[in-house]
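Undergrad: Structure for this input, please:
(chains A and B)
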Amino acid sequence: MTHRLRLGILITPPLLVLLIAIVIPLAGMILFSVRADSFNLDEGYSLASYQEFFTDPRYLRLMGQTGWTAFIVAAVAVLLAYPVAYFLAFHSGRWKLTLIALMIVPAWTSYLLRILSWKVMLGSGGLLYSLLNGIGIDASSLPLLLYSPQAVVITLVYVWIPFAALPIFVTLDRLDKRLLEAANDLGASPLRAFWRVTLPISLPGVLVSFIYVFIPTFGDWVTPLLVGGAQGGILYGNIIQSQYTRALNWPLGSVLSIALLVLILVLLLLYGRITRALTGENGR
Amino acid sequence: MKGLRKLLVLALVVFAVVGGTFVFAQEDQLMVFDWAGYDLEGFWAPFAEANPDVAVEFTYITEDSEAFARMASGLETDVLHPCWHQPYIEAGLVQPIDTARLTNWESIPEVLTTKGQGEDGEQYFVPHVWGYSSMIIRTDLVEEVPDSWEDLWDPQYAGRIGIYDSGEVAVAIAATVLGLEDPFNLSEEEQALIEEKLIELRPQLLAFLVDPAEMEQLLISGDMWIMAGGWNSTYMTVARALAEANPDATVEYIAPVEGRFGWLCGYGISANAQNVDMAYAYIDALISPESQAYLTNTFGFGGANPESLPMVDPETVELLQLDQTDILNDTIFLPDVTEELREAYATIWDNVKLAP
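TA: Prediction:
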């Protein structure tokens, strides 16, 4: 068996999976986006759905609003994940692996279950309100937390923290501890050492975390649907979903999806540039 | 190496046997596309008794436009239970029904059976259940009990109103409040008016709901005061739960002054059904007096087969006026949806959600 043949055999199954699971559906989506009708092929092809997307300000507005929500979720998740990663990397000692496992365990339960558990937490009969009542604050006068844009942000931040902590942990864990000793020897306070040494070195990890959270949040529709209610329940993904499953307007749904894909591709390219600038042109 | 190969062969054999049994077991399977709740065995007990070997598999409908979209995009099922009929008939998604094969067919009043016919005069749907879309109110939590659909726009209920996430019901509510002459035959100007009216309603809303369990839970917890477009079943469940858990709480199922909406759902057989004989047996079981009595006693819905009435709880019947099968006159009957109406519902409802 030649080397090339063996390589071919090894590489064929993943290529097939890629083709069937990603390339063909993507091509189908692009095809649908230029169709004039969802099911009736006789109607031919048209760019009307693209025109509708670009001329109707509401789609772009919702896209902007969703991007903003995703930005907040990603920023808060990274901010909260950083101390977790820092602790794991520098202070967890021999418990490191156990603690990482503990952090990841909730991520093994169903995504849906984790969202639904926040309904129990945020509902008026829920944990948060009981807690407030317990410390003497009359929670019944407070506005409902569940079914609001805030509920969407809280739930998504919770869901993503473990995923955001991992890339930061990896960069911090790989950090050459001698650099910190050197900073110490040169008279830098721990805070200054963190600011000048640890943080800059971990920035690529922070960016990866941010992107990890930002991208799936941009396209998420389940969380807003379940905890967002009438005021926070409509994000960009919900409109895509509605075009496919209710309005039966697959061409417009495809255009909306393609617009999201393109936007995220652009952001990824931008991200690549920033990382390269941060780590030096040649990488590390 | 040899041990590994043996293991591989063994795994393959096990896989083939298990897989084979699985495929074999699939042969006696009936697929039903139905609303959550109708999967309770009480509904199809007569079918299960007669066909103990058949596994009934359910896929769930959450809303009519979604159900139609799923069928149109190729969902596989034998039996379906939508409350829209004409779009399926027009799109060729259902097959004509030979009513002679249904032993309980003769009991169903003609005023209902005509609702399941196509323009070609063939019967495509078997009427099964009718009910209301009205207002369920936690009367102990509101200061004034609303008595009209227009009260949904009253600021005193702001943030405490849940609405069924369906363009159909929302449009019907707005059209009724606006006093449009024919709420189901809308000109473009009227559609724009309705859209504007519904956008005004949005800040009043707590949530768009499709899951009956969520509607019930929100009413029981008191987070939601009014369920707009609520069904008999939700009311029954909430009233029972509150009577047990919270005797101070009161819940009422009102008929707004403009009238409550009425709907009728029927069973059809999919055009690509794999198991047509079983589908007939299943539908026949669901319109049997026993199953229909179970329907009324459990969910408070009206059954299409009046022979079930002697077996149902008289209080329920009186409370919900279920003994008069003439819902066409007693309610604002949601008519069967045409393609134009379907698109109008979808567009208006999407625009309401897209509004800033």
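Undergrad: In three-state terms, how would the residue in chain A that chain B sits nearest to be classified?
TA: Nearest to chain B in chain A, going by CB to the nearest CB, is A:Ala230, at a distance of 3.5 Å. (Glycine included, C-beta is placed from N, CA and C.) Each residue gets one of three states, and A:Ala230 gets helix by DSSP: H, G, I helix; E, B strand; the rest coil.
Undergrad: Ramachandran angles for the spatially closest residue to it that is not a sequence neighbour?
TA: Distances taken as CB to CB, 6 or more residues apart in numbering or on different chains place B:Leu205 nearest to A:Ala230, at 3.5 Å, with adjacent residues excluded. Per-residue torsions, B:Leu205: phi -90, psi 140 (degrees, to the nearest 10).
Undergrad: Tell me the confidence at the closest residue to chain A within the stretch 101-250 of chain B?
TA: For the stretch 101-250 of chain B, the residue closest to chain A is B:Leu205, as judged by CB to the nearest CB, at 3.5 Å. pLDDT for B:Leu205: 95.
Undergrad: Please apply the same query to the one 5 residues further on.
TA: Confidence per residue is given as pLDDT, and for B:Val210 that number is 90.
Undergrad: A:Tyr86 reaches A:Asp173, doesn't it?
TA: No: under the criterion of CB atoms under 8 Å, A:Tyr86 makes no contact with A:Asp173, lying 10.3 Å away.
Undergrad: What separates the first and last residues of stretch A:222-240, distance-wise?
TA: Taking CA to CA, to the nearest Å, stretch A:222-240 runs 12 Å from one end to the other.
Undergrad: Just give the number of residues close to residue 161.
TA: No chain specified, so I'll use chain A. Here the number of neighbours of A:Ile161 (other CB atoms under 10 Å in any protein chain shown) works out to 20.
Undergrad: The chain in question should be chain B.
TA: Neighbour count for B:Ile161, taken as other CB under 10 Å: 23.
Undergrad: if you skip the residues just before and after it, what's nearest to it?
TA: That would be B:Ile226: by CB to CB, 6+ apart, it lies 4.7 Å from B:Ile161.
Undergrad: quick one: that neighbour and B:Ser134 touch, right?
TA: No: using CB under 8 Å, B:Ile226 makes no contact with B:Ser134, being 10.7 Å away.
Undergrad: Can you name the element that comes right after the least confident helix or strand in chain A by mean pLDDT?
TA: Every helix and strand in chain A was compared by mean pLDDT, DSSP states H and E; the lowest is helix A:127-134, with a mean of 82. Downstream of helix A:127-134, the next assigned helix or strand under DSSP states H and E is helix A:149-174.
Undergrad: in that following helix, what's buried?
TA: Neighbour-count burial for helix A:149-174, with 16 or more other CB atoms under 10 Å in any protein chain shown as criterion, is recorded at A:149-172.
Undergrad: Tell me the buried residues in the helix or strand just after it?
TA: Once helix A:149-174 ends, the next helix or strand along the chain (criterion: DSSP H and E) is helix A:177-185. Within helix A:177-185, the residues scored as buried using 16+ other CB under 10 Å are A:Leu180, A:Ala183.
Undergrad: which parts of the stretch 201-350 of chain B sit against chain A?
TA: Proximity of the stretch 201-350 of chain B to chain A (CB under 8 Å from any CB of the partner chain) is limited to residues B:202-203, B:205-208, B:221-223, B:343, B:346-347, B:349-350.
Undergrad: Flag every residue of the stretch 151-284 of chain A that's near chain B.
TA: So far as CB under 8 Å from any CB goes, the stretch 151-284 of chain A lies against chain B at A:229-231, A:233-234, A:238-239, A:242-249.
Undergrad: right, and A:Leu248 touches B:Ala72 too?
TA: Yes: contact status for A:Leu248 versus B:Ala72: in contact at 6.5 Å, counting by CB under 8 Å.
Undergrad: wait, does stretch B:89-107 contact chain A?
TA: No: judged by CB under 8 Å from any CB, stretch B:89-107 and chain A are separated, with a smallest distance of 8.5 Å.
Undergrad: Report the separation between the residue nearest to B:Ile161 and A:Tyr147.
TA: 14 Å (CB to CB, to the nearest Å).
Undergrad: Between these two, which has more neighbouring residues?
TA: A:Tyr147 (28 against 25).
Undergrad: That one: what's it in contact with?
TA: A:Val227, A:Gly228, A:Gly229, A:Ala230, A:Gln231, A:Gly232, A:Gly233, B:Leu206, B:Ala207, B:Asp223 (CB atoms under 8 Å, 6 or more residues apart in numbering or on different chains).
Undergrad: about what we covered before: show the pLDDT at the residue of chain A closest to chain B.
TA: So A:Ala230 comes in at 90 (pLDDT).
Undergrad: try the one 3 residues further on
TA: Per-residue confidence (pLDDT) for A:Gly233: 85.
Undergrad: Got the phi and psi for it?
TA: According to degrees, to the nearest 10, A:Gly233 has phi -90, psi 0.
Undergrad: residues touching it, list them.
TA: A:Tyr147, A:Val152, A:Pro224, A:Leu225, A:Val227, B:Ala207, B:Phe208.
Undergrad: Distance-wise, check A:Trp162 relative to B:Phe208.
TA: Wrong residue type there; residue A:162 is Pro, not Trp. Applying CB to CB, the value for A:Pro162 to B:Phe208 is 30 Å.
Undergrad: Pull up the distance across stretch B:314-334, start to finish.
TA: End to end - CA to CA - stretch B:314-334 spans 27 Å.
Undergrad: and B:Val177, how far is that from A:Arg6?
TA: B:Val177 is 72 Å from A:Arg6, by CB to CB.
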